[in-house]
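# Return a 3D structure for these sequence lines:
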Amino acid sequence: MKLHVPILAPPDKNSCIQELLSQDEPISALRILVAEDDPTICRLIAGVLENDGFLVNMTYDGEQAWETLNLNRYDLLITDNEMPHLTGLELIERIRKAGMSLPIIVSSGSFSVESVRNFAQLQISAIIPKPFRLSEFPDTVRDALSASKVAAT
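Have a look, this model is predicted:
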């Protein structure tokens, strides 16, 4: 499998939102938002998921992710916890308070699998601890999406 990793500088918040608004993508493809403040990690995750057939958008801080989620429909969020402006947990709390039910995967070095029990009300679908293997993402994403479909029926 050839890994496609676009070489991009992190966009400013306004150009990211403009890019999202101008995209013309098929409705049937599953859309994933990756919120990760490390541009290299963000692009690597996005590249692996795009190669697996997902449509992926990237944001580089929690507040930008929140704004993006309010502008577009996503089937899944993958978020780091330690991000500027709004942590991953704060972002998830906002999402749940707003009534958004999308599945969420946390990929973080500061958030453990055991700590999910302390945040059961946030309905986190999975945790991928850092450091991770990129090969973990497609299966974890499919599992989270499948579990979300089952829960919705």
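
# Could you pull up phi and psi at residue 81?
The phi/psi pair for residue 81 (degrees, to the nearest 10) reads phi -100, psi -50.

# Hmm, I typed the wrong one, I wanted residue 142.
For residue 142, the backbone dihedrals (degrees, to the nearest 10) come out as phi -60, psi -40.

# and if you look at residue 106?
phi -100, psi 130.

# I'd assumed residue 132 was in contact with it.
No: with contacts counted by C-beta atoms under 8 Å, residue 106 stays clear of residue 132, the gap being 11.3 Å. C-beta here means a position set from N, CA and C on the backbone, and glycine is covered the same way.

# And the helices in this structure?
Here the chain has its helices, by DSSP state H, at 13-22, 39-51, 62-71, 88-97, 136-152.

# Show me which positions of the fourth one end up buried.
Neighbour-count burial for helix 88-97 flags 88, 89, 91, 92, 94, 95, 96 (criterion: 16 or more other C-beta atoms under 10 Å).

# ditto for the third one
Of all the residues in helix 62-71, those buried under the rule 16+ other C-beta under 10 Å are 62, 63, 64, 65, 66, 67, 68, 69.

# Out of those, which is nearest to residue 78?
Closest approach to residue 78 among the buried residues of helix 62-71 (C-beta to C-beta): residue 65, at 10.0 Å.

# Can you give me the pLDDT of the closest residue to the closest one other than its chain neighbours?
What sits nearest to residue 65 in space, not counting adjacent residues and going by C-beta to C-beta, 6 or more residues apart in numbering, is residue 35, at 3.7 Å. For residue 35, the model assigns a pLDDT of 97.

# got a list of what residue 35 touches?
58-62, 64-65, 77-80, 83, 88, 91 (C-beta atoms under 8 Å, 6 or more residues apart in numbering).

# what pairs with the residue nearest the centre of the chain across the strands?
Centroid-nearest residue in the chain, with C-alpha atoms, centre = their mean: residue 78, separated by 2.3 Å. When bridges are called by DSSP bridges, residue 78 pairs up with residue 34, residue 105.
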